[in-house]
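Asker: Predicted coordinates and the sequence they were generated for:
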Amino acid sequence: MALEEIKKIRLEKLAKIQEKGFFAYPVNTTRTATLKEIVDNFLEKLEGKEVVTLVGRIMSQRGQGALIFFDFFDGTARMQGLLKKDEMEESHFDFWREVIDTGDFVEVTGELFITKSGQQTIKVSTWRILSKSLLPLPDSWYGLKDEEEVFRKRYIDILLNEDVRSSIEKRSKFWNAFRTFLLERGYIEVETPVLETTTGGADARPFVTHHNALDMEVYLRISCGELWQKKLLVAGLPKVFEIGRIFRNEGISHEHAQDYTQIEFYEAFSDYKKGMEMVRDLYIYVAKKAFDKTVFTIQGVEVDLEKEWEMYDYVAIIKDAFGIDAFSSSEEEIISKLKEHNVSFDPKAINKERGIDLLWKVCRKKIVGPGFLINVPVYMEPLAKKSEKDPRVVERFQIILGGSEMGKGFSELNDPIDQAERFAYQESLRDSGDDEAHMKDDSFVEALEYGMPPAFGFGVSERLFSVLSGKPLREAQIFPLMKPILPKVSKKEAEERYRSKKFVAIADPSHGYGITANALGQLGISIGGLSKEKIFDKETLTDKDGNTHYVDGLYPMTNLAGNQTEMAHFVSKCVEAKIQFFDFSMIMRKAHTDEEMQKGYQECKTSEVPYIAVGALIPKDFEKEFLSGLKLFS
């Protein structure tokens, strides 16, 4: 039976409940115990002949004639219930059969007993509904099988899948173990800003958004408050930590997500050597608390966290694998090695730092661990202190488990002059096209100028949890981000929508074909963003040769030819009608910065803007009234 038909039937049952004068969604319950409390103390309750009131969701029901058996679940345990027609009011029995479905939440009152098959059961004397479900649960035996459906309806997957529910419980223990470990050692938990004017603490591409109240662009943080927490060290707080969400606008993989949980902590008057000892103890503690073990199978190899951790030399490993000296090799030599070993890279964003990092990642996959990666060149880490023994490297370590980086710590750089120089170098990398290079933060340098004590800092993300769980990161998250499904639009709806509104653009052909075509393309992108639903009956077209062509537009756009006066008139009419319009002008084409573009518009009245093309999503009548005199652009 189709879902819509099932929903219709359940809505009819809902109406019957309400017609009887019952609340289908009451605000309270009078339960006397959780199902787990009953299951754990069943014999004691049974001997006391207690009448109990229990609640839960109907997971299944069966029976016929004068008996109805059901299984229900309240989030703590699962138990069986029984309704016997001759041992309760007949109308109550019949009404249950008439309106109750799997998925419904009920409150039942009765005595406990054990069936002949040994099943712990409550014999129901009275009941009431707590929440009527309008959609059916998937079969509890088969559950959700389609991977996309599993993640889109994660709440159902959690309900039916004990392994997923257990993973969520372990996840809670995992983060609370970090919290307990640090609190017991005198750390205090803090909260730092998620919105930042510059991103700090990592090399990553950020998400950008607009702050309406302050009218400025801001970034979602890419670290868990690293620079903010170090400012707290400046402020005299010696031990701080934060557990929170961070956001990186990068690719998706089995160990990468765009928003995820991370912990970072900072301790004054410590260094990375002391930090190594502490972090090893921390990982063993967390593993025992969350997983009750310290031996894990990672990448098919057994890893014991309690064994002696190894030391891996960054520079030596790369040299052994590729014959490249990370200190002295040129950018050209590194690129040559990347090509030789078929390591893909972006030619526009490649530099020595990115190239060496790509070579290291090839080596890293072969290292199982557990161990510490040390001796990373200074140019790879803008926030760590240089080694006093070898100033070419920083006092930084990364934990390697199963071929992945599972945490990073270092002796924090507290020299404001050195920090300013490294920020300047990172800024030069950004200027040359590396949008993952660290942003310059003058306010942090200023904080260091007031004096920050020597310190150790460390951070690790939920990637560690996913690896220890033996799951891809996406599966280890509770609600992974999913691209929404666009609602399907029928051909009739599409035609009605097309008749009522239309995308129209007016372009001035006097600017030349190349410039004008580019302007129309820009408008198509901007205007297309207004719609979230496709109106075409088909998403693909097949030619005579059998090749597939994708229909990538959301709405058809009519392009008309018009001059400066006609385009300005169209814009003014859109403003009067409160219709959002888009334009592409000579100001946009010539400006090199946002500031130049803003200044150019501020110096012109609406009618004076040198438009190349303008456009909007307009009603049909609007088109007839104001555009009927214009010809198609060709």
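Answerer: Cool, the structure landed.

Asker: and stretch 106-126, C-alpha only, in PDB?
Answerer: The C-alpha coordinates for stretch 106-126 follow below in PDB (Å, rounded to 0.1, in the frame of the first residue of the first chain):
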ATOM      1  CA  VAL A 106       0.700   4.500  24.300                       C
ATOM      2  CA  GLU A 107       0.300   4.500  28.100                       C
ATOM      3  CA  VAL A 108      -0.800   1.100  29.500                       C
ATOM      4  CA  THR A 109      -1.700   0.200  33.100                       C
ATOM      5  CA  GLY A 110      -1.900  -3.300  34.500                       C
ATOM      6  CA  GLU A 111      -0.200  -6.200  36.300                       C
ATOM      7  CA  LEU A 112       2.900  -8.000  35.400                       C
ATOM      8  CA  PHE A 113       3.100 -11.700  34.600                       C
ATOM      9  CA  ILE A 114       5.300 -14.300  32.800                       C
ATOM     10  CA  THR A 115       3.900 -16.200  29.800                       C
ATOM     11  CA  LYS A 116       4.200 -19.900  29.400                       C
ATOM     12  CA  SER A 117       7.100 -19.300  27.000                       C
ATOM     13  CA  GLY A 118       8.900 -17.200  29.700                       C
ATOM     14  CA  GLN A 119       8.200 -13.800  28.300                       C
ATOM     15  CA  GLN A 120       8.000 -10.900  30.700                       C
ATOM     16  CA  THR A 121       4.700  -9.200  30.000                       C
ATOM     17  CA  ILE A 122       2.200  -6.600  31.200                       C
ATOM     18  CA  LYS A 123      -1.400  -7.500  31.100                       C
ATOM     19  CA  VAL A 124      -3.200  -4.300  30.200                       C
ATOM     20  CA  SER A 125      -6.400  -3.300  32.100                       C
ATOM     21  CA  THR A 126      -6.600   0.300  30.800                       C
END
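
Asker: Other residues contacting that stretch?
Answerer: The contact list for stretch 106-126, computed with Cβ atoms under 8 Å, 6 or more residues apart in numbering, reads 29-31, 38-39, 42, 45-46, 49-56, 58, 72, 79-84, 87-89, 92, 100, 127-130. Just so you know, the C-beta spots here come from the backbone N, C-alpha and C atoms, and that holds for glycine as well.

Asker: Which members of the residues you listed are positioned in strands?
Answerer: Cross-referencing these against strands under DSSP state E gives 51-56, 58, 72, 79-84, 127-130.

Asker: circling back to that earlier point, buried subset of the contacts of stretch 106-126 as a PyMOL selection?
Answerer: A single PyMOL command suffices to select whichever of the contacts of stretch 106-126 are buried according to 16 or more other Cβ atoms under 10 Å:
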select buried, resi 31+38+45+52+53+54+55+56+58+72+79+81+82+83+88+100+127+128+129+130
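
Asker: what's the distance between the nearest residue to Leu632 once chain neighbours are set aside and Ile298?
Answerer: Spatial nearest neighbour of Leu632, excluding adjacent residues (Cβ to Cβ, 6 or more residues apart in numbering): Leu560 at 6.2 Å. Separation of Leu560 from Ile298 (Cβ to Cβ, to the nearest Å) stands at 62 Å.

Asker: Could you do Glu332 as well?
Answerer: Separation of Glu332 from Ile298 (Cβ to Cβ): 37 Å.

Asker: what do you get for Gly355?
Answerer: Note on Gly355: its distance to Ile298, by Cβ to Cβ, is 28 Å.

Asker: Kindly report the same for Ala517.
Answerer: Note on Ala517: its distance to Ile298, by Cβ to Cβ, is 54 Å.

Asker: which residues sit in contact with the residue nearest to the spatial centre of the chain?
Answerer: In the chain, the centroid-proximal residue (Cα atoms, centre = their mean) is Asp259; its distance is 3.7 Å. Asp259 makes contact with Arg245, Ile246, Phe247, Arg248, Leu481, according to Cβ under 8 Å, 6+ apart.

Asker: Just the angle for the helix ranked longest in the chain relative to strand 78-84, thanks.
Answerer: Taking DSSP state H as the criterion, the chain has its longest helix at helix 162-183. With axes from the mean of the first three to the mean of the last three Cα atoms, to 10 degrees as the basis, helix 162-183 and strand 78-84 are set at 130 degrees to each other.

Asker: what helices or strands is helix 162-183 leaning on?
Answerer: Under the contact criterion of 3 or more Cβ pairs under 8 Å, 6 or more residues apart in numbering; DSSP states H and E, helix 162-183 touches helix 154-160, strand 188-189, strand 239-247, strand 259-268, helix 272-291, helix 463-469, helix 473-476.
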